[in-house]
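Undergrad: missing the sequence, but the structure's below:
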């Protein structure tokens, strides 16, 4: 990709009405999702780990860009921060560690990696309300989309799923309401 995703903000790709400004970015994004989808079998991780994966569909990606453009500082967020989960993996582990201790352990393990690898990994405690998880983002460079790895504890799995379902329901309600407002006033 020729676009620097760290320097290109959402508002440079799409305006607040949801109209595409930079078609090249959108076309490249669609191609990226198509390549991931065509090669999905290769993205699966088999074995003893409880790992799931998903590829965010094109419409969801466009909806996310639109939401960030309207709600978050008028789209003044870089694409690599907004589209950090197009390809995502979820690892569920059985541990008695707290989220804080688990994160410290992950950071300690990451510190053992060579600099050229560990500098491409961002680790965040993404816990919020009932959702308890650590997210890792792997980014080769500023011209590639990050890959997300969510790490859940078995004890949080049901609450996290319920929390995600509630978030999606609120998003769907927002999306319907936003569409109605645009139809009325847009």
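TA: Now that the structure is in, tell me what you want to look at. As the structure is a computational prediction, the values presented were derived from the model and not from experiment. Numbering: from 1, shown residues only.
Undergrad: Identify each buried residue in stretch 139-151, please.
TA: 139, 145, 146, 147, 148, 149, 150, 151 (16 or more other Cβ atoms under 10 Å). Quick note: C-beta positions are derived from backbone N, CA and C, even for glycine.
Undergrad: Please enumerate residues in contact with it?
TA: The contact list for stretch 139-151, computed with Cβ atoms under 8 Å, 6 or more residues apart in numbering, reads 1-7, 32, 80, 83-91, 93, 102, 106, 120, 122, 126, 133-138.
Undergrad: switch to 7 Å and redo it
TA: Residues outside stretch 139-151 that contact it (Cβ atoms under 7 Å, 6 or more residues apart in numbering): 1, 3-6, 32, 80, 83-91, 93, 120, 133-138.
Undergrad: okay, and for this structure, where does confidence drop off?
TA: 1, 43, 45-49, 72-73, 167-186 (pLDDT under 70).
Undergrad: Helices along that one, start to end?
TA: Assigned by DSSP state H, the helices in the chain fall at 23-38, 40-43, 58-71, 79-82, 99-111, 115-118, 157-185.
Undergrad: For the chain, which residue occupies the most central location?
TA: Against the mean C-alpha coordinate of the chain, by Cα atoms, centre = their mean, the closest residue is residue 85 at 2.2 Å.
Undergrad: was I right about that residue contacting residue 56?
TA: Yes. Counting by Cβ atoms under 7 Å, residue 85 touches residue 56, with 6.4 Å between them.
Undergrad: who does residue 53 bridge with?
TA: In this entry, residue 53 is beta-bridged to residue 89, by DSSP bridges.
Undergrad: if we can go back for a sec, adding distance to residue 12, write the helices of the chain out as JSON lines.
TA: Formatted as JSON lines, these follow (distance: least, Cβ to Cβ, whole Å):
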{"stretch": "helix 23-38", "distance to residue 12": "8"}
{"stretch": "helix 40-43", "distance to residue 12": "29"}
{"stretch": "helix 58-71", "distance to residue 12": "10"}
{"stretch": "helix 79-82", "distance to residue 12": "9"}
{"stretch": "helix 99-111", "distance to residue 12": "32"}
{"stretch": "helix 115-118", "distance to residue 12": "30"}
{"stretch": "helix 157-185", "distance to residue 12": "21"}
